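Visitor: Predicted model, plus sequence, below.
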Amino acid sequence: MITRAPAPSDSRASDLLLDPSPDASPPARVAQGDACILLADDSPVARRFAAKLLRDHGYRVEVALDGFAALGMVFEVKPDLLLLDSRMPRLDGFQVCALLKRAPGFADLPVVILSDCGGLYARVRAHLAGSRSCLAKPFTADELLNAVAGALCDD
């Protein structure tokens, strides 16, 4: 039986989002090779695969072990794109995306949800949270690179 840790019951994450520092806005659109990607996935295998692939293609990649860590890192890292696993402890990718889309300065930050349940439900939930796309796991290198490139150049 797999148990999932409940989301934090305190409001620290939402307080942080609603009162960001003055310089919390993400940088202007950058060239593909200069883009910074914040990858949050609790699977070590998935993290290593995606991070290595993206770095090999010229992206700067920062890694978070779960959604709560990603939420804290977004203000420091100021990524051009978020890649969020749909199922993580504490905060999943859908929750992180929805919180950021309501935060001042982050509504336009592109998000791609990585979902191990790639059906209609996951795609709709990703869309409702504000994600640009939902990529079904397992994905190929080309599928990930295309999703990243599409999210970075999509207006």
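Guide: Arrived safely, thanks for sending. Residues are numbered from 1 along each chain as shown.
Visitor: mind checking how far C117 is from C36?
Guide: Counting by CB to CB, to the nearest Å, the gap from C117 to C36 is 28 Å. Where C-beta positions appear, they are placed from N, C-alpha and C, glycine not excepted.
Visitor: ok, A126 - how many residues close by?
Guide: Here the count is done by other CB atoms under 10 Å, and A126 has 24 residues near it.
Visitor: Check whether it really touches L135, as I assumed.
Guide: No. Taking CB atoms under 8 Å as the definition, A126 is not a contact partner of L135, at 9.2 Å.
Visitor: Please enumerate the shared neighbours of these two.
Guide: With contacts defined as CB atoms under 8 Å, 6 or more residues apart in numbering, the residues shared by A126 and L135 are I113, S115.
Visitor: mind listing what's buried in stretch 48-64?
Guide: Neighbour-count burial for stretch 48-64, counted by 16 or more other CB atoms under 10 Å, picks out F49, A50, A51, L53, L54, Y59, R60, V61, E62, V63, A64.
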